[in-house]
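Visitor: I'd like to go over a predicted model; first the sequence, then the structure.
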Amino acid sequence: MSLLEARNVSWSVDGQRIVDSVSLHVERGECVGLLGPNGCGKSSLLRMMYRHTRPDSGSVHLDGRDIWTLSPREFAQKVAVLGQESAHVFDYTVQEAVMMGRIPHQSPWARNSAHDLQVVEDCLRQVGCLHLAERDFSGLSGGEKQRVLLARALAQEPEVLILDEPTNHLDIRYQLELMHLVKQSGRTVQVALHDLNIAAQYCDRIYVMQGGNVITRGTPASALTPENIARVYGVDALVDRRPGTGLLRVSITALSSTAAL
Ligand SMILES: Nc1ncnc2c1ncn2[C@@H]1O[C@H](COP(=O)(O)OP(=O)(O)OP(=O)(O)O)[C@@H](O)[C@H]1O
């Protein structure tokens, strides 16, 4: 049984189908990438997978259970999200913001335990932000905020991490560091990404969306072909292997002369 699975989920807004009967599964320990151009429905699909939006039809299952039969607390004990919005932590210090990750594991009105404090400290150290613990979250740079929000997600000690474009705002070194940390955490990961090379490097499997549909899926090597890249993104690409590491490398060479944007 897959750990996380969307079965034929659809979602429309104002009569327009944004996600169109998409099925996707994430096995325990896998890192699964979700790719596709702006507006193709990645975030809308992820919002259904992290129990933010109910699908109009179809269902999402965690360990075989429909996620809408779980309480928000039960769900949050198992799934943490690094989304694109972080407004709700704006009035807190970094330490307090990361402590929010402990809420699903605390009883109501309980004080933070020594274990909670230790987990928060460990997670801040892991993302290289322990020195920011007393700072106001709102005063951090975009990249610092993103790393602190990852610390909050890790502090939740979830089985599954759902990440929506987590490398936004990060410089190239921190983009790689964040993905490295995510992989090192040993969690099961579902991640929407724009960078094809990061996807090729860190994802075990990839789903590529276009216009609300999954149009191809598979290993990075089978999904990220020049033909698929031209079809989906409208650019010409050279795909080869890096000397030394053998990792897949995607070089965008030009706007495609054949694909319509
Ligand atoms: N709540 C909403 N109300 C109206 N339209 C919406 C809503 N949510 C999403 N959409 C529309 O659905 C489409 C898909 O949006 P979505 O954010 O899922 O795409 P995406 O693939 O994540 O894009 P990006 O890569 O730009 O983040 C877009 O055209 C968007 O404007």
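Guide: Yep, it's here. Numbers count the residues shown, from 1 in each chain.
Visitor: Show me where the chain dips below the pLDDT cut-off.
Guide: Counting by pLDDT under 70, the chain contains low-confidence ranges at 85-90, 257-261.
Visitor: who's in contact with the most centrally placed residue in it?
Guide: The centre of the chain sits closest to Leu163, judged by C-alpha atoms, centre = their mean, with a distance of 1.6 Å. Contacts for Leu163 were tallied using C-beta atoms under 8 Å, 6 or more residues apart in numbering; they are Val81, Leu82, Ala153, Val182, Val189, Gln190, Val191, Ala192. The way it works is simple: take the backbone N, C-alpha and C, and place the C-beta from them, glycine included.
Visitor: For this protein, which residues are neighbours of the ligand?
Guide: With C-beta under 6 Å from any ligand atom as the criterion, the chain meets the ligand at residues Val13, Ile18, Gly36, Asn38, Gly39, Cys40, Gly41, Lys42, Ser43, Ser44.
Visitor: Tell me which two in those are the farthest apart.
Guide: Comparing all pairs in the residues of the chain next to the ligand by C-beta to C-beta, the longest separation belongs to Val13 and Gly36, at 17.6 Å.
Visitor: who's more crowded, those two?
Guide: When Val13 and Gly36 are compared for neighbours, Gly36 comes out ahead with 24 against 11, by other C-beta atoms under 10 Å.
Visitor: Now do the same contact list for that one.
Guide: Gly36 sits next to Lys42, Val208, Met209, Gln210, Val232 when contact means C-beta under 8 Å, 6+ apart.
Visitor: and of these, the nearest to the ligand?
Guide: Lys42 (3.6 Å; C-beta to the nearest ligand atom).
Visitor: what about Asn197, which helix or strand?
Guide: Assigned by DSSP states H and E, Asn197 belongs to helix 196-202.
Visitor: and the next element down the chain from that helix?
Guide: Criterion used, DSSP H and E; the element after helix 196-202 is strand 205-210.
Visitor: So what touches that following strand?
Guide: With contact meaning C-beta under 8 Å, 6+ apart, strand 205-210 is reached by 22, 24, 30, 32-37, 40-42, 45, 199, 214-220, 223-224, 228, 231-232.
Visitor: Drop anything exposed from the contacts of Gly36.
Guide: Lys42, Val208, Met209, Gln210, Val232 (16 or more other C-beta atoms under 10 Å).
Visitor: the domain parsing of the protein - what is it?
Guide: Following automatic domain parsing, one finds the domains of the chain at 4-224, 234-261.
Visitor: Could you pull out the strands in the chain for me?
Guide: 4-13, 16-26, 31-35, 57-62, 65-66, 79-82, 160-164, 188-192, 205-210, 213-218, 235-241, 248-255 (DSSP state E).
Visitor: Format those as a markdown table; extra columns: distance to Val94.
Guide: Shown next, in a markdown table, are these (distance: least, C-beta to C-beta, whole Å):
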| stretch | distance to Val94 |
| --- | --- |
| strand 4-13 | 29 |
| strand 16-26 | 30 |
| strand 31-35 | 26 |
| strand 57-62 | 29 |
| strand 65-66 | 34 |
| strand 79-82 | 15 |
| strand 160-164 | 19 |
| strand 188-192 | 23 |
| strand 205-210 | 33 |
| strand 213-218 | 37 |
| strand 235-241 | 39 |
| strand 248-255 | 35 |
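Visitor: For Val98, find the nearest of those.
Guide: Shortest distance between Val98 and the strands of the chain, using C-beta to C-beta, is found for strand 79-82: 11.7 Å.
Visitor: Can you list the buried residues in that closest one?
Guide: Val79, Ala80, Val81, Leu82.
Visitor: Is the second one bridged to anything, and to what?
Guide: Listed beta-bridge partners, Ala80: Leu161 (assigned using DSSP bridges).
Visitor: Done for today, thanks.
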